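> give me the fold of what follows.
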Amino acid sequence: MTNQRKVVAAYFLSLDGVAEKADQFLTGWDDETDAAGSDLIATQDTVILGRRTYDEWSGYWPTSDVEPFASFVNAAPKYVATSTPLDDTWANSQAITGDLTAFVRDLKAQSGGDIGIHGSISVTRALLTAGLVDELHLVIVPTVVGTGQQLLTTLGPIRLETIHATKTPAGHLLANYRVLH
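Here you go, the predicted structure:
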């Protein structure tokens, strides 16, 4: 039996679960948080994005020098969940045609590294609901935002198993979970 690729969703979250606009609540940075991000993308060779994330990122990452993520995301195949054609010419990007869950199920069955979901809340929710997300890698920032789109609301019950958890010098909780299917 061959091992299937894993779908790994990674997010910065406030303590109250807000996942959008993390740049507005992410305070402090440290080598441990940086290393966790580097370790995460070292296992990935493909990215799935929602349309809004694609539109934001395609204007930023192609000219960014924030490494190693810039090199990773610019080189990786990027599949975009969208119902409209992609306007930009960000390298290695293509729209997902057809059903997102069927596409990801097929992608998981192909050979390759892990499949990352970064910054696309609606995509993560849809794939969690379909039982296609294998791991959640969270950087929980010790702040309460109070308003904003939360990652795990509107979902039914999901059982998780802690893979790893540690506190960084900046006070972030690095928490990795396996999704139990």
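> contacts, neighbours, all on C-alpha from now
Will do.
> isn't L160 right up against N176?
No - applying C-alpha atoms under 8 Å as the test, L160 and N176 come out as separate, 9.5 Å apart.
> for stretch 35-46, list the C-alpha coordinates in CSV.
In CSV, the C-alpha atoms belonging to stretch 35-46 read as follows (Å, rounded to 0.1, in the frame of the first residue of the first chain):
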residue,chain,number,x,y,z
ALA,A,35,12.0,27.3,12.2
ALA,A,36,8.5,25.8,12.5
GLY,A,37,7.5,27.6,9.3
SER,A,38,10.6,26.3,7.5
ASP,A,39,10.0,22.8,8.7
LEU,A,40,6.4,22.9,7.6
ILE,A,41,7.1,24.0,4.0
ALA,A,42,10.1,21.6,3.7
THR,A,43,7.6,18.7,3.4
GLN,A,44,5.2,20.5,1.0
ASP,A,45,5.5,20.7,-2.8
THR,A,46,2.0,21.9,-3.6
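> average pLDDT across it?
Mean per-residue pLDDT for stretch 35-46: 95.
> got the contact list for it?
68-69, 72, 76-79, 112-116, 174 (C-alpha atoms under 8 Å, 6 or more residues apart in numbering).
> one more: stretch 103-112?
4-7, 45, 96, 115, 132.
> filter these to the buried ones?
Using 16 or more other C-alpha atoms under 10 Å as the burial test, the contacts of stretch 103-112 include 5-7, 45, 96, 115, 132 as buried.
> sitting in strands, which of these do you find?
Secondary structure assignment by DSSP state E places 7, 45, 115 of those in strands.
> show me what contacts the spatially most central residue of the chain?
By C-alpha atoms, centre = their mean, the chain has its centre lying nearest to H118, at 2.4 Å. H118 makes contact with 9-11, 47-49, according to C-alpha under 8 Å, 6+ apart.
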